[in-house]
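Trainee: What follows is a protein structure lacking sequence information:
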């Protein structure tokens, strides 16, 4: 029985997914993609990094692009409820012999740099600088008019183990896909803290690797427009999958690849999940509408490619089940 | 200083606004309005009541229409986190000498019927029957394609007192309007539990009365479409205000009146407020963009009319400040 | 040089494409598809036929479903400017030894039943019954909210010959695709009379056959919604291609198949072409953005399948060039 | 009986409305409004003029801003079918003792500068320079994403006389409002050449004056977005009326005023009118849904203010009927 009861009194309070830090090899090329094309706002930039946010976000950054030699996903950021939660988190990770550094991180308050059971790097913090809100500065809306970060999705070699780890921290299951038969195995899980379908998801595959960062747009037409823009200003090959409707999460989506191959999902229109008795939705791994309500299978790259984490060797997945792939 | 710190450890856990029960004089006329025109789904109907929900909702009902002699708002429903929360709530209200009945309520589990400090009737419960989700039964989307209840907005004779009452229960302030000058007075407050701009709002006025129930639609075009429908199928006079963009909440809105005069807001596109350090936005009562970002003032009826609660005599407001009204 | 000058003084005035008559084997199944799902309005129905129109249309019908043993496209209807034009048309076709019958056609005035040079059946008429306009009866908008017929698209064994035939009748070229090299051959043409991208298009292939009837919707979201509806009420397999953006015509599209296999395109957002000096746009047959601006190739069925015309044996195309096909 | 039969063989062929030339007092301020805010494309600019077009337009300009001392509407441009039409037009105007100059006009071919029976200035031409199409350069879409000019609307002191003048030139009536009673008088007319609701409209009032230039946007959300932009970047006071749905034309609209007071309508979603038997729609002057389907009356300024033509003294209207005005 792979699905567990929700944990309502976690050891510390994770409020929501907050940001991701991506290693990129050419900041100029990345800026052209994220700022000039997608329309993200620049909170700050230095010789080595660009800090980006959506039009709604009060937090200083939800995507950090950091110049590096490798196109790795450097860390996944989550916001905690308070400084006390941060101390409780540090103690919790220390008890499990997981890393507990507190590096100085620009624009953030005290930050716990740790990792999960598979070595996936996590930055936990409670305070971040808050530039002026741009939500009602509509003249600044450009490109896909991205409003905020929505979620992170990762490959894991063992979905059940990753689910167990984060469920214990209060992440609540909203949807999942599993194999059929008498002894079903989890193939993917969607886990939430902030009250919509997910803050964090895991998919079976060689991992840990970052599959994608999901960015929320106000509506479907923002995604259609960015398709038109990308297709006609040199980013046609960066459009990997969609647009379409997911069966899982009911969201309208587009998957794109940045100049370093990091995957971004533009995402809108899921649903509210705050009820404690909100029952998770099960999808059979063999149901094609799970992936795309309208039937189109995802391309092979979408199932196989992801961003490595620095110094973390990925392992092959324990589950060999194969989803439906476009030829 | 009218704004208080948020309460993160409330005496019991209110998950979110859940439903409203409206007294109506002619169920057939109300059904034509809510079901045939607005497109709400009928979960159940009897000779005396119709139970309605939006396409996303798993709860059995978010609007209950109950046949009666008066067009009153009979109760405001909130979902609690657990049966234990319900017991804690009963004790809390009892300690304050507020009512604590547990009537049988169809389709709901144990329900605490109580009232706030001004006598505004509240139904608190933790469990409700859950019919099959219609979120992905798109052929059932009609009218405004209403997805879920979003909030309740009430007149109160004393905004500061109502705010103090609900803030102590963990409702968090997201936006507020107040008078200018050295001794500002609260004129309206928006309070949330579920992580967007509001579950419950209060406006200065003769009260307690229900100002409106806010229903969430997937997008702006759903609201534009229902304007076209209402204007051409006999409901032109029921369109009271909008469509437009609120400065407060940034939401796109339309206010309509049902056949008994109960006000419904169709509402979309606000923002996420889950961060514990999310700072409330202040609006001066004299800023016309507070009401409508595009400048149109609201009609006088919008400021003056509301639904009475049964047996609760409304009082004149303590604050005499006057907002901008359309002539 | 396959492109010819536009003819501004044609032998008779074709105002626009008007309707198509489709043979279907089960009127009930067809009604479920066109009326219950797509939302077309029923102008009239008999034991043998259903007459359909979009919400804007004042003409009695733009799609006629006629019960028959075969799923053939029975005739293509065009509206002429006047009864005099009809006489001129009859004389013109007679001079070329093409058929010139005047059968009684329900709801239409005098109707010339003829055929083009490849035997493609044409109904030409000037007057049709006009039921009440439903454009501002918004409560009648259902499904894809189809507003009007936009165009017909046909396979022809010789695009150059079909183009020459219709260009002489005043159909003006707006876009075309052709082979590359020193001696380019036309592969497809888009021809207009009413001032947008097309009333009639021809694609290289075994023909004559009807490729699809194009129906115009008010916006992109109407097409996205009907994708969601079809995918969740039993018509998933009827979704053949899209949604997407055509390079050619710039239109947003979805191709669907009715229960008899007749293909319908839902289509929106092309552009105005009334200027006499409007220069046609050339697309290389090898440009993948011609088909879909966003890059997805069309499935093989889209290139190969079409509706036969009664008693007209299709011929293999003279041009063997192969477009890009999805594997 | 004020409505006349359509003229299908006019003395010369007017293809469509083409452009308007507006006198402005500060090109920088006008550029900020039309280019930076509304997003129109700049085809060319000189010390004295800015030439603008929408993203679809192949013609060099549809709005010309010309620096001057007065904020007048300098001329209304219409495109003719051919150079022969231009000669026929010159002869036609000369026979009526109306002006017939042929000034050099930048970016246009031979241009007949004339005037109608009330002195309203007209530029008629057949050829204009054609810069590269931007329709599929989606990265250039900004602001309201204006696609093309749609129509011009003018005050006239005698709607019947203006209608008679243009009807004789083949302009076809699509909708009209008139007084009630036994001897109805025309209050406004909508006249088309290009096949949608209008190229040119006349409203009863002190005239001749330009009421507004109508610019077509791809969809409703483009108009909603520009409301948000204008309201939050200093143009709140320039928003005069709307957004809303017209009863007449069924279009979704927003009326705005440029820095010189010239009125622009952003306009979308009307309907096709190419059928020769397309019957005009009559609206009673007392029907409030004529103006706004959703019921809001227009402000007084909308009925009273307009742009003068240089050297043409406006006259009071012959018809004293009063429409419904917002207080």
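Mentor: It's in. Given the structure is predicted, the values throughout are model-derived calculations rather than measurements. Numbers count the residues shown, from 1 in each chain, chains lettered A, B, ... in the order given.
Trainee: Return the residues in contact with the residue of chain A positioned farthest from its centre.
Mentor: Relative to the mean C-alpha coordinate of chain A, counting by CA atoms, centre = their mean, the farthest residue is residue A:182 (31.5 Å). With contact set as CB atoms under 8 Å, 6 or more residues apart in numbering or on different chains, residue A:182 has no partners. In this view, the C-beta of every residue, glycine as well, is placed from N, C-alpha and C.
Trainee: part of a helix, is it?
Mentor: No - counting by DSSP: H, G, I helix; E, B strand; the rest coil, one finds residue A:182 to be coil, located in no helix.
Trainee: does chain B sit close to the lowest-mean-pLDDT helix or strand in chain A?
Mentor: Every helix and strand in chain A was compared by mean pLDDT, DSSP states H and E; the lowest is helix A:288-291, with a mean of 85. No - figure legend: helix A:288-291 not in contact with chain B (CB under 8 Å from any CB of the partner chain); closest approach 8.7 Å.
Trainee: low pLDDT regions in the stretch 101-250 of chain A?
Mentor: Judged against pLDDT under 70, the stretch 101-250 of chain A has no low-scoring part.
Trainee: Write out the residues of it neighbouring chain B.
Mentor: Remark: the part of the stretch 101-250 of chain A in contact with chain B comprises A:126-127, A:130, A:135-136, A:147-148, A:194-195, A:218-220, A:247, A:250, using CB under 8 Å from any CB.
Trainee: Filter those residues down to just the ones in helices.
Mentor: Judged by DSSP state H, the subset of these located in helices is residue A:220.
Trainee: Residues of the stretch 201-327 of chain A that sit close to chain D?
Mentor: Proximity of the stretch 201-327 of chain A to chain D (CB under 8 Å from any CB) is limited to residues A:219, A:221, A:225, A:228, A:229, A:231, A:232, A:233.
Trainee: out of these, which are buried?
Mentor: Restricting those to buried positions leaves A:219, A:221, A:225, A:228, A:229, A:231, A:232, with burial counted as 16 or more other CB atoms under 10 Å in any protein chain shown.
Trainee: Residue A:194 and residue A:13 touch, don't they?
Mentor: No - because the distance of 11.6 Å does not satisfy CB atoms under 8 Å, residue A:194 is recorded as not touching residue A:13.
Trainee: returning to that earlier point: can the buried ones among the residues of the stretch 201-327 of chain A next to chain D go into TSV with extra columns for secondary structure?
Mentor: Supplementary listing: these in TSV, determined by three-state DSSP:
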residue	secondary structure
A:219	coil
A:221	helix
A:225	helix
A:228	helix
A:229	helix
A:231	helix
A:232	helix
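Trainee: For chain B, state which of the residues you listed is nearest.
Mentor: Closest approach between these and chain B, by CB to the nearest CB: residue A:219, at 5.2 Å.
Trainee: Look up how far residue B:233 lies from the residue lying closest to the closest one once chain neighbours are set aside.
Mentor: Nearest residue to residue A:219 in three dimensions, chain neighbours excluded: residue B:219, at 5.2 Å (CB to CB, 6 or more residues apart in numbering or on different chains). From residue B:219 across to residue B:233, the span is 21 Å (CB to CB, to the nearest Å).
Trainee: Residue A:114 too?
Mentor: Counting by CB to CB, the gap from residue A:114 to residue B:233 is 59 Å.
Trainee: Also residue A:36?
Mentor: As judged by CB to CB, residue A:36 and residue B:233 stand 46 Å apart.
Trainee: related to what we said a few turns ago, what's the next secondary structure element after the least confident helix or strand of chain A?
Mentor: Toward the C-terminal end, the helix or strand that comes next after helix A:288-291 (DSSP states H and E) is helix A:300-304.
Trainee: list the buried ones in that following helix?
Mentor: With the criterion 16+ other CB under 10 Å, helix A:300-304 contains buried residues A:301, A:302, A:303.
Trainee: so which of the residues you listed comes closest to chain B?
Mentor: Chain B lies nearest to residue A:302 out of the buried residues of helix A:300-304, by CB to the nearest CB, at 21.8 Å.
Trainee: per-residue pLDDT, that closest one?
Mentor: As predicted, residue A:302 sits at a pLDDT of 95.
Trainee: Skipping its backbone neighbours, what lies nearest it in space?
Mentor: residue A:241 (5.2 Å).
Trainee: who are the neighbours in contact with that neighbour?
Mentor: With contacts taken as CB under 8 Å, 6+ apart, residue A:241 has the following neighbours: A:253, A:254, A:255, A:298, A:299, A:302.
Trainee: hmm, which of those are the buried ones?
Mentor: A:253, A:254, A:255, A:298, A:302.
Trainee: and which of those residues is nearest residue D:32?
Mentor: Relative to residue D:32, the closest of the buried ones among the contacts of residue A:241 is residue A:254; by CB to CB it sits at 33.1 Å.
Trainee: Tell me who's in contact with the closest one.
Mentor: Shown here is residue A:254, whose contacts under the criterion CB under 8 Å, 6+ apart are A:223, A:226, A:227, A:239, A:241, A:242, A:243, A:265, A:266.
Trainee: pLDDT at it, what is it?
Mentor: The predicted structure scores residue A:254 at 98 on the pLDDT scale.
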